[in-house]
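S.K.: Pasting the sequence and the predicted model now:
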Amino acid sequence: MGKHVLVIEDEPNIVEAIRFILHRDGWRVDTHSDGATALEALRAQRPDVVILDVMLPGRSGFEILRELRSEDGLANLPVLMLTARGQAKDRETAERAGVSRYMTKPFSNAEVLAAVREMAGP
Amino acid sequence: MARDTLIGSRIRERRMLAGLRQADLARRAGISASYLNLIEHNRRRIGGKLLVRIAEALEVEPSLLSEGAEAALLARLREAAAVQPGNRAEVDRAEEFAGRFPGWAELLADARRRIDALEDTVETLTDRLAHDPHLAASLHEVLSTVTAIRSTAAILAGTEELEREWQDRFHRNLDEDSRRLAEGAQALVTYLDSAADARRSLTSPQEEIEAFLAARDFHFPELEAAGGEPDALLDPEALTSEAARQIAARLLRRYAQDARAIPLDLAASVVADHGADPAALAEAAGTDLPCAMRRLAALPSALLPAPAGLAICDGAGALTFRKPLDDFPLPRFGGGCALWPLFEALARPGQPVARDLVQAGGEARPVRAYAVAAPARPAAFDGPPLMEAHMLVVPADREEDRARPPLAVGVTCRICPLEGCAARREPSILAAGF
């Protein structure tokens, strides 16, 4: 059984593409598209890696990340953040919130795959 | 009071600039020193041959003494010199320049104003992505779609033995997303186009509003009668940006409200009895002081003994309404003078302040300022009270009306010559040694 990744992203076609490439690479992929309930999904599923979009309906990825870092079981979870805004202050916000990796859209499939593999560890 | 009473002050200023004693100048002009003293203190009218003789003795054009240069123009020239550090403008000779070359001086002042407006626009445009939520959202949409297309296309191009079902699905997604991208790009172009159009005049909304109000002399007969429609007055030729129209609409709606609270004939009769006294008007009309102040500043000049200026600021001290006077210029950009009663009132809401002021530097006549701060809207429990301060400025050059000498204040620090001012926040280019 492969490792488990949770994709929190509201753009269905991006979700589908990511799901496809990770699945082909042997990952178990679950998806979630609502910011407001993302933390509940995380607590319930306990994935090995999270891919988290910044602009989500209901709640921003930054907020989700901050809260997740303050929770016992999730504080060390590897989080790859995706954003369409490459501004320096967004990157700083993400770093302060405790992001593991940060990637700006449009990214390439190979980049995402490499990042997720690396974050999951051996 | 006639303008020519200021001739004396100008003669005095010129004499001191030339380093002459009263006795020297009097002898050269063929009059007694005591008579010159009376002239210099504006106690004797002067004109004709004597003016020409004094001008000759001072080696200046007689017109420089008789007309002087407008304080407002001078303030703008000094502002122009102030914002460009390291320039070699002879700031101490600004009045001479404006007096001798009024056309060039106007041109220079206007050019500076235009530069300020352009710089303002550049700043707005530079920071566009951060401050324009519509643009940020549009770009986000385009980038998201591009991301989906890129990922999907890479899968289609790079996956060997992709099942037919997946192929179909990704082709469908690609088609969908490329359509979305086309629409998004189109919307973005349309938006940028219209935004560029809205800024074609490249003047700031505040400037447009000021020009719009000044062109009407701050008075709108259409709104004096009941049923006047404020929005009908928003001339799109004069108010080219949406921002300017919105601000102007707010001002005009308030004007209509004020006009209902204090009808023109009531205002006229109170002014005839008491002069431009906001307290008397507020009492007669049963309104608050800010309303009476706005009303006095909006009266046609024929009804007032002298035009009334008005400055309104919000709780952050930013000027939201400017009606300058020749004798009390207001800064076009940035903060005013912290000594103004406007800010004194802001610190003590509900307590009216009246003070006699004079612009530091000499050319302007004294003015009386009435100021009061009050909530900008009825207080509520859902947020901090929003305060607003009003300051009405009327000429007050009759010495006998004053209990104390007028307080010297500035326009804004950069062009203010006041020395040792505790309220100074940045050095003046007029200060010695700067």
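M.R.: Sure, I can see it.
S.K.: Skipping adjacent residues, who's closest to residue B:230 in space?
M.R.: Excluding the flanking residues, the one nearest residue B:230 by CB to CB, 6 or more residues apart in numbering or on different chains is residue B:252, at 3.6 Å. C-betas here are computed from N, CA, C, even on glycine.
S.K.: Please apply the same query to residue B:254.
M.R.: Nearest non-adjacent residue to residue B:254 (CB to CB, 6+ apart): residue B:294, at 7.2 Å.
S.K.: Next, the contact list for that neighbour, please.
M.R.: B:254-255, B:258, B:310, B:312, B:390 (CB atoms under 8 Å, 6 or more residues apart in numbering or on different chains).
S.K.: what do you get for residue B:63?
M.R.: residue B:99.
S.K.: before we move on, the earlier item: which SSE is the residue nearest to residue B:254 in?
M.R.: Element membership of residue B:294 [criterion: DSSP states H and E] is helix B:289-297.
S.K.: again, but for residue B:147
M.R.: Residue-wise, residue B:147 maps onto helix B:133-158 under DSSP H and E.
S.K.: so after that helix, what's the next helix or strand?
M.R.: Scanning forward in sequence from helix B:133-158 by DSSP H and E, the next helix or strand is helix B:164-198.
S.K.: who does that next one touch, helix- and strand-wise?
M.R.: For helix B:164-198, the contact count by 3 or more CB pairs under 8 Å, 6 or more residues apart in numbering or on different chains; DSSP states H and E identifies helix A:12-24, helix B:133-158 as packing neighbours.
S.K.: Quick check: buried residues in that helix?
M.R.: By neighbour count on 16 or more other CB atoms under 10 Å in any protein chain shown, the buried set for helix B:164-198 is B:169-170, B:173-174, B:176-178, B:180-181, B:184, B:188, B:195.
S.K.: Report the next helix or strand after that helix in sequence order.
M.R.: Trace forward from helix B:164-198 with DSSP H and E and the next one is helix B:205-215.
S.K.: ok now that following helix, how far from the chain's centre?
M.R.: 9 Å (CA atoms, centre = their mean, to the nearest Å).
S.K.: what's that helix packed up against?
M.R.: Looks like helix B:205-215 contacts helix B:242-261, strand B:319-323 (3+ CB pairs under 8 Å, 6+ apart).
S.K.: can you list the ones you listed in a markdown table and add mean pLDDT and mean neighbour count?
M.R.: As requested, the helices and strands packed on helix B:205-215 are exported to a markdown table (pLDDT from 0 to 100; neighbours: other CB atoms under 10 Å in any protein chain shown):
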| stretch | mean pLDDT | mean neighbour count |
| --- | --- | --- |
| helix B:242-261 | 92 | 18 |
| strand B:319-323 | 92 | 20 |
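S.K.: Of the ones you listed, which is nearest residue B:144?
M.R.: Closest approach to residue B:144 among those is made by helix B:242-261 (27.9 Å; CB to CB).
S.K.: which other residues reach that closest one?
M.R.: Against helix B:242-261 from outside (CB under 8 Å, 6+ apart): B:198, B:205-206, B:208-209, B:212-213, B:220, B:223-224, B:226, B:228, B:230-231, B:233-234, B:236, B:239, B:285, B:287, B:291, B:294-295, B:298, B:321.
S.K.: mean confidence score for the helix holding residue B:147?
M.R.: The pLDDT scores in helix B:133-158 average 85.
S.K.: and what of stretch A:76-83?
M.R.: 92.
S.K.: can you pull the buried residues of it?
M.R.: So for stretch A:76-83, counting by 16+ other CB under 10 Å, buried means A:77-83.
S.K.: ok, residue B:317 - contacts?
M.R.: By CB under 8 Å, 6+ apart, the contact list for residue B:317 reads B:335-336, B:343, B:346.
S.K.: Write out the residues of chain A neighbouring chain B.
M.R.: A:11, A:13-14, A:16-18, A:20-21, A:24, A:55, A:84-85, A:87, A:105-110 (CB under 8 Å from any CB of the partner chain).
S.K.: Within the helices and strands, which one has the most centrally placed residue in chain A?
M.R.: Nearest to the mean C-alpha position of chain A, counting by CA atoms, centre = their mean, stands residue A:51 at 1.5 Å. In this structure, residue A:51 sits in strand A:49-53 according to DSSP H and E.
S.K.: How far off centre is that strand?
M.R.: On CA atoms, centre = their mean, the centre of strand A:49-53 falls 1 Å from the chain's centre.
S.K.: contacting residues around that strand?
M.R.: Against strand A:49-53 from outside (CB under 8 Å, 6+ apart): A:3-11, A:18, A:38, A:42, A:61, A:64-65, A:77-83, A:112, A:116, A:119-120.
S.K.: again with stretch B:268-280
M.R.: B:281, B:284-285, B:289, B:292-293, B:296, B:299, B:303-306, B:308, B:352, B:370, B:392, B:394.
S.K.: And for stretch B:333-347?
M.R.: Here stretch B:333-347 has contacts from B:116, B:120, B:311, B:313, B:315, B:317-319, B:330, B:351-355, B:357, B:369-373, B:387, B:389-391, B:407, B:409-413, B:416, B:421, B:423, B:425, using CB under 8 Å, 6+ apart.
S.K.: Show me what counts as buried in it.
M.R.: Result for stretch B:333-347 [16+ other CB under 10 Å]: buried residues B:333, B:335-346.
S.K.: and if you look at stretch B:211-223?
M.R.: B:212-213, B:218-220, B:222-223.
S.K.: Please, which helix or strand holds residue B:312?
M.R.: Residue B:312 belongs to strand B:309-314, assigned by DSSP H and E.
S.K.: coming back round to it: with respect to chain A, which of the buried residues of stretch B:211-223 is nearest?
M.R.: residue B:212 (36.8 Å; CB to the nearest CB).
S.K.: can you pull the pLDDT of residue A:19?
M.R.: 93.
S.K.: does it really touch residue A:31, like I thought?
M.R.: Yes: counting by CB atoms under 8 Å, residue A:19 does reach residue A:31; the two are 6.3 Å apart.
S.K.: Now for these two: what residues contact both?
M.R.: By CB under 8 Å, 6+ apart, the residues touching both residue A:19 and residue A:31 are residue A:7.
S.K.: Listing request: residues of the chain with sub-threshold pLDDT.
M.R.: Here I'm looking at chain A. A:1, A:85-88 (pLDDT under 70).
S.K.: Sorry, I should have been clearer: chain B.
M.R.: B:1-5, B:67-71, B:124-134, B:194-203, B:362-363, B:397, B:399-403, B:429-434.
S.K.: Near chain A, which residues of it? Just list them.
M.R.: Residues of chain B lying near chain A (CB under 8 Å from any CB): B:129-130, B:136, B:139-140, B:143-144, B:146-152, B:154-155, B:158-159, B:166, B:169-170, B:173, B:176-177.
S.K.: among these, which ones are buried?
M.R.: B:136, B:139-140, B:143-144, B:146-152, B:155, B:159, B:169-170, B:173, B:176-177.
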